[in-house]
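Asks: Whatever this is, show me its structure:
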Amino acid sequence: MFDFGLLFFSTAVAVAIIVLVFRRSTRPDVVEQSSAPSLTSQESSGRTPIVQVKTSAQCGDACACSAQESSGPAPIVETSALCGDACACTAQESSGRAPIVETSAQCGDACACSAPESSDRAPIVKVLYGTQTGTAKLWANRLSASANDQGYRAEVLDLSTYDTDELQFEDTLLFVVSTYTDGKPPESVEPFFNELSDLALDIRIDRGLLANVRFAVFGIGHSIYDANFNACGIEIDRLMSSLGARRLVPVGKGDNGAGVEISETFNLWEDQLFKSLGATAAASDVRGNVSRPAQKVSDEFDDDSGDDESEPMVDVEDLGKFMKKPKKPARKEKKEPKSVPATDAAAGSDSDSDSDDDDEAAAVASGAPPKQMLTPSLAASLTKQGYRLIGSHSGVKMCRWTKAMLRGRGGCYKHTFYGISSFQCMEMTPSLACANKCVFCWRHHKNPVGKEWRWEVDSPEMLVEGAVANHLKMVKQMKGVPGVVPERFAEASTIKHCALSLVGEPIIYPYINRFIDLLHERNISSFMVTNAQFPDKIAELKPVTQLYISVDAATKESLKKIDRPLFSDFWERFMACIDEMREKGTQRTVFRLTLVKSWNTEELENYAQLIRRGMPSFVEIKGMTFCGNSKASSLRMENVPFHEEVVAFARQLLTLSGLDNDYELAAVHEHSCCILIAQKRFKVNGEWNTWIDYGRFHELVQAGKPFSAVDYMAPTPHWALFDSEEKGFDPEEVRFRRTKPYSKGGC
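Replies: Next comes the predicted model:
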């Protein structure tokens, strides 16, 4: 029997199909597809498309795409692109109408064009910084500002507060990190660094964990640290890459060392970064935001041995700019400054050769001049701190004790121990560079660092003239200050003493012997302080009024922790300096111990052995001076020992290694928390003679004959003695007691 129901249903379906086909064929916005692929619009990542593409394209060598908004009087946007495997379309605004619409297209079977995000949906870039002194934070803020200018939404975050669990959900991460002691990260960054290392080492973690994350690293460090230069930034780069993150550009290596400006390296790195960011953004749109394997720019920056093919993020021509090491000041054979005998300069450099010696030698061969020690930014920083800069590498600053004694308020510990007139003392250095970065440095590491002299050299005549002139200018500024004693103000114009301990390492100045001669010719005594890293310089040094070496720790481990030396053989150099000081046994020599509570106060036996080895004339034991909170150091007020603790340390020290057979407690300056231990040869007929007869010293120097420390010693006044009631305060002075609270900033 014929089924009329089935016939009716079939007919209805056929009619419906005919109607649909008819309607489709008569729509004005449908273009018949030719042999070339047709182009259809496509939304981007779930967003409603702003632009409707209603055109077709012929894809051969080129793909012409024209977009038109679906409704309203908005401008027509025309785009074009060259087609290979893909078609990238860029929009051009017509008639000056805003906003500019950027589109991209993929030419295979279709060309997808999408409009950009509005400003409130701009791509997010996170700038993560890790810093010890604040330098990395400054550059992170600068990078953030640049990213905002480029149309990104940048957010600056401290790595000390960043959670590694968020890494896999990020899009773009830009690291700005400094390197601290021994190639380690800053103390606040250690938790993040350790967690990232754990992720990279965990075999349970997918190697593609961060495949959707783009990143770049800019490191900040001192090139003088050789193998540890920017070690933290390089390691973060390696760890991120090992977890599949896509490196945008090679590690930027900012050099915060002397004579080098970070900005030059940073600007180059930043320019290439934003080029790479733009390239990867376009490529991501072309592929419909499909994830790609981690990118590999260069084997030098990636230790992974994976076989994944990588796509270049930067031009080959530009890669060389990043692969090169940051330029460093070239060493040059020391030129003889004007009016300085060539034989006076310290010959040669120290025996420890740097990894950059070949590069520097090449620079010398090419005739490149040496750079100045002080960069403009460094000079500005030191000037702001009150330094009067002299030439290109020296400085002078008025000591607070000079001001105090001008006002009759007491002298420094050198006045108590050795009889200097503090108001006639000039504190300066012929070299602002140092080979250590001590944790208790009262200059907060604002000075340059260096292991040898590699800068321009100013003549000693100019340095002495400049130091005296600038010091006297600062003295004149004290005129009219309440409390200044007129007689002392007048006498202060005659400088009698020079403390070469302002900052840096004065002994590395190439013409230090000539410099010392010029001081002595002016009847200015010389107190030379060195950080015990240049034994050859100590051996070559002419007799000075008093020679110091800083003994900041008594074991290799603690010395490395406290002094943070640049040299890898710092301990051997330290011990060699002690041996050289013993060779100068007839001169006045001093070990200066700076006690840092909970850091170096438990090594009494080791200190005793060092003293026995060097046999200095005197041992100064001084409590650390707290100079306020500093990002360069973790020391706090609790690390400053009390005077009673310093006295107890000195007493116990004398009981070890038989030191009490040769040394005794001699003097004290309680205000400075300082004790003087002296060899018994300075105790004549039961009376201490730790003071200096400065007139006699200059007579001996001018005579040009060998002399010893006992030849110019002078009696120590009773008020300076260790067991005196005055505790080292000169009774001719008037003790000043503050009624206002001290500043929280420290010294």
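Asks: Tell me which helix or strand Lys479 sits in.
Replies: Under DSSP states H and E, no helix or strand contains Lys479.
Asks: Thought Phe489 was touching it, still the case?
Replies: Yes - using CB atoms under 8 Å, Lys479 is in contact with Phe489, at 6.5 Å. In this view, the C-beta of every residue, glycine as well, is placed from N, C-alpha and C.
Asks: Between the two, which has more neighbouring residues?
Replies: Phe489 (18 against 10; other CB atoms under 10 Å).
Asks: Look up the pLDDT of the more buried one for me, please.
Replies: Looking at Phe489, its pLDDT reads 96.
Asks: Quick check: it is in a helix.
Replies: Yes - when DSSP: H, G, I helix; E, B strand; the rest coil is applied, Phe489 is found to be in a helix.
Asks: gap between it and Ala553?
Replies: Distance of Phe489 to Ala553, computed by CB to CB, to the nearest Å: 41 Å.
Asks: ok, now Met428?
Replies: The value you get for Met428 to Ala553, if CB to CB is used, is 27 Å.
Asks: Then Glu645?
Replies: In terms of CB to CB, Glu645 sits 17 Å off from Ala553.
Asks: How about Glu427?
Replies: From Glu427 over to Ala553 the distance is 25 Å, taken as CB to CB.
Asks: mind checking the SS state of Leu128?
Replies: strand.
Asks: what's the neighbour count on it?
Replies: If you count neighbours by other CB under 10 Å, Leu128 ends up with 24.
Asks: Hmm, it is touching Leu174, no?
Replies: Yes - checked against CB under 8 Å, the pair Leu128 and Leu174 is within contact range at 7.1 Å.
Asks: Contacts only, for the residue nearest to Gln424 when sequence neighbours are not counted.
Replies: The shortest distance from Gln424 to any residue other than its chain neighbours is 4.3 Å, reached at Lys496 (CB to CB, 6 or more residues apart in numbering). Neighbouring residues of Lys496 by CB atoms under 8 Å, 6 or more residues apart in numbering: 420-421, 424-425, 523-525, 694.
Asks: hmm, 7 Å instead?
Replies: With contact set as CB atoms under 7 Å, 6 or more residues apart in numbering, Lys496 has these partners: 421, 424, 524-525, 694.
Asks: same check, this time on Val13
Replies: So Val13 contacts nothing (CB under 7 Å, 6+ apart).
Asks: Quickly find the element holding it.
Replies: helix 4-25.
Asks: Over to Glu726?
Replies: Using DSSP H and E, Glu726 maps to neither a helix nor a strand.
Asks: Check Lys137 too.
Replies: Under the criterion of DSSP H and E, Lys137 resides in helix 135-149.
Asks: Following element in sequence after that helix, please.
Replies: If you walk from helix 135-149 toward the C-terminus, the next helix or strand you reach (DSSP H and E) is strand 153-158.
Asks: and the gap between Gly728 and Leu676?
Replies: 9 Å.
Asks: Neighbour count for these two, which is higher?
Replies: The neighbour count for Gly728 versus Leu676, taken as other CB under 10 Å, is higher for Leu676 (28 against 25).
Asks: For the closest residue to Val551 other than its chain neighbours, what are phi and psi?
Replies: Excluding the flanking residues, the one nearest Val551 by CB to CB, 6+ apart is Phe591, at 4.8 Å. Per-residue torsions, Phe591: phi -90, psi 130 (degrees, to the nearest 10).
Asks: I'd say Phe591 and Ala608 touch.
Replies: No - Phe591 is beyond contact range of Ala608, at 11.2 Å (criterion: CB atoms under 7 Å).
Asks: Of the two, which one has the most company?
Replies: Using other CB under 10 Å, the more surrounded residue of Phe591 and Ala608 is Phe591, with 23 against 20.
Asks: Would you enumerate the residues in contact with that one?
Replies: Residues near Phe591 by CB under 7 Å, 6+ apart: 549, 551, 611, 614, 616, 619.
Asks: can you pick the most crowded of those?
Replies: Neighbour max across the contacts of Phe591 (other CB under 10 Å) = Pro616, 28 neighbours.
Asks: May I have the secondary structure class of it?
Replies: Reduced to three states with three-state DSSP, the structure at Pro616 is coil.
Asks: got it, and Ala211?
Replies: When classified by three-state DSSP, Ala211 comes out as coil.
Asks: show me the contacts for Val646.
Replies: When contacts are counted by CB under 7 Å, 6+ apart, Val646 touches 595, 621, 623, 673, 675.
Asks: How about Lys597?
Replies: Counting by CB under 7 Å, 6+ apart, Lys597 touches 638-641.
Asks: Select only the buried ones of those in PyMOL?
Replies: In PyMOL syntax, the buried subset of these is picked out as below (16 or more other CB atoms under 10 Å):
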select buried, resi 639+640+641
